[in-house]
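Novice: Build me a model:
(2 chains, ligands or ions: 3)
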Amino acid sequence: MPSNATRWALAGAAAVTALGVTRTVARRRHRHQPDREDGWYVVRRGITVDRPVDAVIGFWTDRERLDRGLAEWATLEQLDANRWRCVAADPAGGGTEWRAEITVDGPGRLSWRVTDGPVAQPARVELVTAPQDRGTEIRAELRWRSGPIRRAVGLAGGTDPDLGLRTALRRIKSLIETGHVLDTRHDPSGRSPRQERATDKVREKLMVGGRP
Amino acid sequence: MRALCWEGVGKLAVRDVPEPTIRSGGDILVKVRASSVCGSDLHLINGYLPAMREGDILGHEFMGEVVETGPDVRRISVGDRVVVGSVVACGSCWYCRTEQFSLCDNSNPQPVFTEKLWGHSPAGILGYSHAAGGYSGSHAEYIRVPFGDVGAFTVPDGVPDDSVVFASDAMPTGWMAADFCNLKGGEVVAVWGAGGVGQMAARSAQILGAERVVVIDRLPERLATASQRLGVETINYAETDVLEALREMTAGRGPDACIEAVGMESHDVGPAYAYDKAKQTVRAQTDRPTSVRQAIMAARKGGTVSIVGVYGGLVDKFPLGAAMNKALVLRMGQMHAQRYIPMLLDRVAAGEIDPGYLATHPMSLEQGARGYEIFEKKEDGCLRTVLHPQAA
Ligand SMILES: NC(=O)c1ccc[n+]([C@@H]2O[C@H](COP(=O)([O-])OP(=O)(O)OC[C@H]3O[C@@H](n4cnc5c(N)ncnc54)[C@H](O)[C@@H]3O)[C@@H](O)[C@H]2O)c1
Ligand SMILES: [Zn+2]
Ligand SMILES: [Zn+2]
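Specialist: Ligands and ions are numbered 1, 2, ... in the order given. Take a look at the predicted model:
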């Protein structure tokens, strides 16, 4: 039985990985420029999960689910009491690897820093009990550099960390609440391969992101 | 396998398509035995509801036999004869926990379009365009049903396929429409639309305590069926001034509750219809709200207007002033299938509701395009065409 902090670090590893996943599919341009603070672009997004905070943390100890959702993509190595090293492969392929340092800042508070990967992104995740028996609010904050660095890490090409973050949160919510993330990409249809490719582009647009 | 596919606005064809497979632990595969047409399909086929793609398989009101279950399925087994709710629901988000299944947070994997259009994305619906998740529909030999434990219900022996199939959509929709009216007993309820949904709404209102139910349509066969099968009063809006008639029938009060079971392709007599149709054709408004307007004008002061006809976007000349100043209660939504189906199956088994008469036109999958034509044009007394994908 891993400690509470380890469970929580696993959640971070999942988030790092999930962002990796969505990075490759999020190709839409932003509508608005994200906020800027001290030379960083910052986005903050939240989602409400219909489970108590403990269950949201505890979810990651369910070995079976974790294997299904994560283990083939990420490993976690404990550095000291509150720090872990995460190595996450990009499940979309291409052999990309993300190395991140995950720190448990307190109960329900987590941060990570990608130390080696295609996008440098410090991030924070916080769990807050939602009002009215609505479960847990997962609040996440993602930062990335502007200017040349941003171009160097591929963000100027239209990759949008905001969409990536929103998609990741939605998937994590679905995994915690249902154990699955649904996908209709392989549902049968009368489409030719060419029509199917065009439809996949539409699907991608409709899948990635969240509220405008 | 064979499936009835959408090929562009107004065009349907049977195609050979791959068979579905289990994709997620909660999935079940159902061998479809009966798959009905629904008024919503017309909105999709005619391009009024968006995000259909060429090759999409239609159909969302169906029943059949379970042939495979995913590893996480517990309640449903291979061999079960089941009816499946059209709405996909996960069963474990806040909305599902509070039985608002059509608002499920986790069942539309492609939520961006509706989030932009409506602010939030409601549940996915089987065979209902890429805005509703991009699920393949039931007009096929087999269909994949996600969250099978939540969406599929074993049906009582002895109830024929072509009757129980309506527990999938028309019945729960009609029931929800009446449920919205919050009937206490003795009310007068008016129902716009004598299609499958309107007829089931009328029957549900009777069961829930309405003393008089008045069904409004222009199709004499449908009105006659409603009056014979359900013993309701009827108004033909092509011949009679509806508002006048309803006021008269209630000695000036107006109906306590007005149910709208017509939807965005509402038809009307008179100049307002031409205006609405023209605006809809050029997409200056997406929906024609004739019957909703009428329901709001007809409802008594403090009454309820319950809308289950489907609307997608914007309407014009919405009588907000009437609704506001008469202190109306407006209720509406896609139906919460999973909340009502078990109760409705009990009522069907007990003979309290007999929806079988809606299946006026049983047909093979191959006849699907013709089946929709008959249904759309309401030829030959058609209430619903029911396709049988296993028939040759
Ligand atoms: N809310 C839900 O979950 C849900 C579920 C199923 C169907 N629906 C919707 O319910 C509506 C009805 O479905 P259906 O299968 O019964 O369709 P249908 O096409 O069989 O019936 C519609 C009926 O409305 C009549 N009509 C047209 N204009 C009218 C008017 N101005 N006044 C009175 N009647 C008028 C038509 O003559 C027809 O008989 C559709 O909009 C459908 O999309 C909603
Ligand atoms: Zn329907
Ligand atoms: Zn749900």
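Novice: For chain A, which element, helix or strand, carries the lowest mean pLDDT?
Specialist: helix A:147-152 (a mean of 45; mean pLDDT, DSSP states H and E).
Novice: Phi, psi for residue B:14 please.
Specialist: phi -80, psi 130 (degrees, to the nearest 10).
Novice: How many residues are close by it?
Specialist: Using other Cβ atoms under 10 Å in any protein chain shown, residue B:14 is surrounded by 19 other residues. Heads up, the C-betas are built off the backbone N, CA and C, glycines and all.
Novice: Specify the beta-bridge partners of it.
Specialist: Listed by DSSP bridges, the beta-bridge partners for residue B:14 are residue B:4.
Novice: Residue B:125 too?
Specialist: Here residue B:125 sits in beta bridges with residue B:87, as judged by DSSP bridges.
Novice: Check the gap between it and residue B:149 for me.
Specialist: As for residue B:125, its distance to residue B:149 is 18 Å (criterion: Cβ to Cβ, to the nearest Å).
Novice: Residue B:268 now?
Specialist: When distances are taken as Cβ to Cβ, residue B:268 and residue B:149 turn out to be 44 Å apart.
Novice: re earlier: which of residue B:125 and residue B:149 has more neighbours?
Specialist: Counting neighbours by other Cβ under 10 Å for residue B:125 and for residue B:149 shows that residue B:125 has the greater number, 24 against 16.
Novice: next SSE after the helix or strand hosting residue B:12?
Specialist: Counting by DSSP states H and E, the secondary-structure element that holds residue B:12 is strand B:11-16. Remark: after strand B:11-16, the chain's next helix or strand is strand B:28-36, criterion DSSP H and E.
Novice: Distance from that following strand to the middle of the chain?
Specialist: Between the mean C-alpha point of strand B:28-36 and the mean C-alpha point of its chain there is a distance of 18 Å (Cα atoms, centre = their mean, to the nearest Å).
Novice: Relative to that strand, what are the paired strands and their orientations?
Specialist: When pairs are called by DSSP bridges, strand B:28-36 turns out to pair with strand B:61-69 (antiparallel), strand B:142-145 (antiparallel), strand B:384-388 (antiparallel).
Novice: which parts of the longest one are buried?
Specialist: Using 16 or more other Cβ atoms under 10 Å in any protein chain shown as the burial criterion, the residues of strand B:61-69 that qualify are B:61, B:62, B:63, B:64, B:65, B:66, B:68, B:69.
Novice: so what's the one residue in the stretch 51-200 of chain B that gets nearest to ligand 1 up against?
Specialist: Scanning the stretch 51-200 of chain B for the residue nearest ligand 1 gives residue B:195, at 2.2 Å (criterion: Cβ to the nearest ligand atom). If a contact means Cβ atoms under 8 Å, 6 or more residues apart in numbering or on different chains, then residue B:195 has B:39, B:217, B:222, B:261, B:262, B:383, B:384 as its contacts.
Novice: So which of those sit within strands?
Specialist: Judged by DSSP state E, the subset of these located in strands is B:217, B:384.
Novice: before we move on, back to that, tell me what the strand holding residue B:12 is packed against?
Specialist: For strand B:11-16, the packing partners by 3 or more Cβ pairs under 8 Å, 6 or more residues apart in numbering or on different chains; DSSP states H and E come out as strand B:2-8, helix B:368-377.
Novice: ok, the last one near ligand 2 or not?
Specialist: No: contact between helix B:368-377 and ligand 2, assessed by Cβ under 5 Å from the ion, is absent, since the two come no nearer than 12.1 Å.
Novice: Just the angle for that helix relative to strand B:28-36, thanks.
Specialist: Here helix B:368-377 runs at an angle of 50 degrees relative to strand B:28-36 (axes from the mean of the first three to the mean of the last three Cα atoms, to 10 degrees).
Novice: ok, residues contacting helix B:368-377?
Specialist: Contacting residues not belonging to helix B:368-377 are listed as B:4, B:12-14, B:37, B:41-42, B:45, B:139, B:361, B:363, B:379-380, B:382, B:384-385, B:387 [Cβ under 8 Å, 6+ apart].
Novice: I'd like to know which of the residues you listed are buried.
Specialist: Using 16+ other Cβ under 10 Å as the burial test, the contacts of helix B:368-377 include B:4, B:12, B:14, B:37, B:41-42, B:45, B:139, B:361, B:363, B:382, B:384-385, B:387 as buried.
Novice: Return only those of the residues you listed found close to ligand 3.
Specialist: Among the buried ones among the contacts of helix B:368-377, ligand 3 is touched by none when using Cβ under 5 Å from the ion.
Novice: Let me know the closest of those to ligand 1.
Specialist: Distance ranking of these against ligand 1, using Cβ to the nearest ligand atom, places residue B:42 first at 6.0 Å.
Novice: Spit out the contact partners of that closest one.
Specialist: When contacts are counted by Cβ under 8 Å, 6+ apart, residue B:42 touches B:265, B:372, B:375, B:376.
Novice: is the strand or helix carrying residue B:114 anywhere near chain A?
Specialist: With elements delineated by DSSP H and E, residue B:114 resides in helix B:112-118, which encompasses its position. Yes: contact of helix B:112-118 with chain A (Cβ under 8 Å from any Cβ of the partner chain) involves B:112, B:113, B:115, B:116.
Novice: For those residues, pick the one with the most neighbours.
Specialist: Neighbour counts for the residues of helix B:112-118 next to chain A were taken using other Cβ under 10 Å; the highest belongs to residue B:112, which has 23 neighbours.
Novice: Look up how far residue A:103 lies from that one.
Specialist: Residue B:112 sits at a distance of 33 Å from residue A:103 (criterion: Cβ to Cβ).
Novice: One more: residue A:194?
Specialist: When distances are taken as Cβ to Cβ, residue A:194 and residue A:103 turn out to be 48 Å apart.
Novice: neighbour count winner among those two?
Specialist: For the pair residue A:194 and residue A:103, the greater number of neighbours falls to residue A:103 (18 against 8), based on other Cβ under 10 Å.
Novice: Tell me which residue of the stretch 1-150 of chain B lies closest to ligand 2.
Specialist: In the stretch 1-150 of chain B, the residue found nearest to ligand 2 is residue B:38; the distance is 3.2 Å by Cβ to the ion.
Novice: for the nearest residue to that residue once chain neighbours are set aside, which residues make a bridge with it?
Specialist: Excluding the flanking residues, the one nearest residue B:38 by Cβ to Cβ, 6 or more residues apart in numbering or on different chains is residue B:61, at 5.1 Å. Judged by DSSP bridges, the bridge partners of residue B:61 are residue B:36.
Novice: Now do residue B:61, the pLDDT please.
Specialist: Confidence per residue is given as pLDDT, and for residue B:61 that number is 98.
Novice: my read: it touches residue B:36, true?
Specialist: Yes: taking contacts as Cβ atoms under 8 Å, residue B:61 lies within contact range of residue B:36: 4.2 Å.
Novice: Give me the common contacts of the two.
Specialist: Taking Cβ under 8 Å, 6+ apart as the contact rule, the neighbours common to residue B:61 and residue B:36 are B:165, B:166, B:168, B:169, B:170.
Novice: Can you list which of these are found in helices?
Specialist: When these are checked against helices using DSSP state H, the ones located there are residue B:170.
Novice: Which parts of chain B belong to which domain?
Specialist: Taking automatic domain parsing as the criterion, chain B consists of the domains B:2-169+B:335-388, B:174-332.
Novice: and those, which is most packed in?
Specialist: The highest mean neighbour count among the domains of chain B, using mean count of other Cβ atoms under 10 Å in any protein chain shown, belongs to domain B:2-169+B:335-388: a mean of 22.
Novice: residues near residue A:101, how many?
Specialist: The number of residues packed around residue A:101, counting by other Cβ under 10 Å, is 17.
Novice: Point me to the helix or strand that includes residue B:360.
Specialist: Using DSSP H and E, the secondary-structure element containing residue B:360 is strand B:359-364.
Novice: who's in contact with that strand?
Specialist: Against strand B:359-364 from outside (Cβ under 8 Å, 6+ apart): B:34, B:36, B:162-163, B:165-166, B:370-371, B:374-375, B:380-389, B:391-392.
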